[in-house]
Every structure is written in structure tokens, then in C-alpha cells.
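>>> Got a predicted structure plus its sequence, pasted below:
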Amino acid sequence: ELKVEQNPLFLSMQEGKNYTIYCNYSTTSDRLYWYRQDPGKSLESLFVLLSNGAVKQEGRLMASLDTKARLSTLHITAAVHDLSATYFCALGDSNYQLIWGAGTKLIIKP
Amino acid sequence: DSGVTQTPKHLITATGQRVTLRCSPRSGDLSVYWYQQSLDQGLQFLIHYYNGEERAKGNILERFSAQQFPDLHSELNLSSLELGDSALYFCASSETSGDTQYFGPGTRLTVL
């Protein structure tokens, strides 16, 4: 069974600090996605990672993929309040459906 | 704004009733996906259509059904509703299967 585990599930941090969200998955896949969700809102695509060693960056967020370790990370650099949200990783399976992690609720305090 | 539209935004109904949720994909997208988001189950894939044909089924109950029409819009039908069906239902679309999925604003269903 394909499983996706995120940790931590909850993260409270100060502005200006760095932190990493981890996403482990149980079987091989060629697509790993990161999404952001604000409270009561829809899901916004952040990154799609397609190959081992892939690294993508957008502003203060950087995502990477290690297919051998079955691990993706989302790194936040010098966090700002606007990054407060819930972040999901999702794995694309052979049927093109997304298998989701539980989400990491990130609160960034000024 | 992702370009995916869903109606209605909110739906309140009673147990045992039937509802239809509607989704219009982004222009040019052939794939439509339906997801359910609830506090206890998280995000779960329900069903995927590509250009009118069902491609994959996930954790979709037999009481639920969907279809994609020739104009590519999709409908999710939920019948014999139960309290546990209360959730956010998202539709997503992509150009082809496997591309990044873009999500609509969701329909919040409350079953009383």
C-alpha cells in the first residue's frame, strides 16, 4: 500500500528562522508534489519534483527529492508570517491519482 | 485563481438526500479529478476522468458517482447522504494525466 508520511504535523516558529518539513513515502514514484492550503481555501500548487536529486526554489521555499531514500523535503528560509499555512506533499501513483500526506500546519509568529 | 470553477460553494442538506456538485476544468485541460477533504480522513482521491472516460477510482463509495461530459465539465453525484459525508469536495484539472493538478475552490457539503 502506498503511504505518504509528513512530519512534523504541526510547527510553530518565529519569523526569520529556518525549518524543514519532511515527506517520506513507501514506494517508488516518478512524481512528488507540494501544495499549500490556507484555512478554508483551496490547494495551491507549489512544486512538482520529477527526478532524483531534483531541487526547486520559489522565494523562501525550496523543495528537494531523494528517490533512493524515498524522501522529499520542503525547506523554509527566513520565515515570514505570510508563509503560515498548511503544506501537503502528495505522491503521484501509476493511475495518476495523488496520495496525500496528512499535512503540516505551519504557524509563523512575528 | 486556478481557472477551475466549482458550484455550489456551500451546500447544506439532510441525511438521505442526493446532491450534485459541478466542476468546470481549466480551458484546455482534459483530466478532471475529484477529492474529498475531511478532518478525520484528510485528503482522499475519489475518481479521475480523462476526456470523458473514467481512468481511476479511489476511495469512492458506491453511493457516489461521477461523470465527465463532452464539454469536459464534470459532476459528482452523492446520494443517500450520511452525516459522515460532510466534507470539502475539491475538483482538480490537468492538461493530461500526470501533469500538475490545479484545484478549484471546493464545495463545502454539510449533511444535517
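Structure received.
>>> mind listing the strands for the chain?
Since no chain was named, I'll use chain A. For chain A, the strands defined by DSSP state E occupy A:4-7, A:10-14, A:19-25, A:32-37, A:43-49, A:55-58, A:61-66, A:71-76, A:85-92, A:98-100, A:104-109.
>>> meant chain B, my bad for not saying
For chain B, the strands defined by DSSP E occupy B:5-7, B:10-13, B:19-24, B:31-38, B:42-50, B:53-57, B:64-68, B:74-78, B:87-94, B:102-103, B:107-111.
>>> Out of the ones you listed, the one nearest A:His75 is which?
strand B:42-50 (22.6 Å; C-beta to C-beta). C-beta: built from backbone N, CA, C; applies to glycine.
>>> neighbouring strands for the closest one, and are they parallel or not?
strand B:31-38 (antiparallel), strand B:53-57 (antiparallel) (DSSP bridges).
>>> now the farthest one out in chain B, which residue is it?
Within chain B, the residue lying farthest from the chain centre (C-alpha atoms, centre = their mean) is B:Leu112, at 20.2 Å.
>>> sorry, back to before: mind telling me which of the strands of chain A the model trusts least?
Looking over the strands of chain A, mean pLDDT reaches its minimum on strand A:98-100, with a mean of 90.
>>> Report the buried residues of stretch B:45-62.
Of the residues in stretch B:45-62, B:45-50, B:55-56, B:58, B:60 count as buried by neighbour count, 16 or more other C-beta atoms under 10 Å in any protein chain shown.
>>> At the contact with chain A, which residues of chain B appear?
On the criterion C-beta under 8 Å from any C-beta of the partner chain, chain A has as its neighbours in chain B the residues B:2, B:31, B:33, B:35, B:42-45, B:48, B:55-56, B:58, B:90, B:92, B:97-98, B:100-106.
>>> Now do the contacts for the closest residue to chain B within chain A.
Proximity of chain A to chain B (C-beta to the nearest C-beta) peaks at A:Asn95, 3.6 Å away. A:Asn95 makes contacts with B:48, B:55-56, as judged by C-beta atoms under 8 Å, 6 or more residues apart in numbering or on different chains.
>>> Alright, I will stop here.
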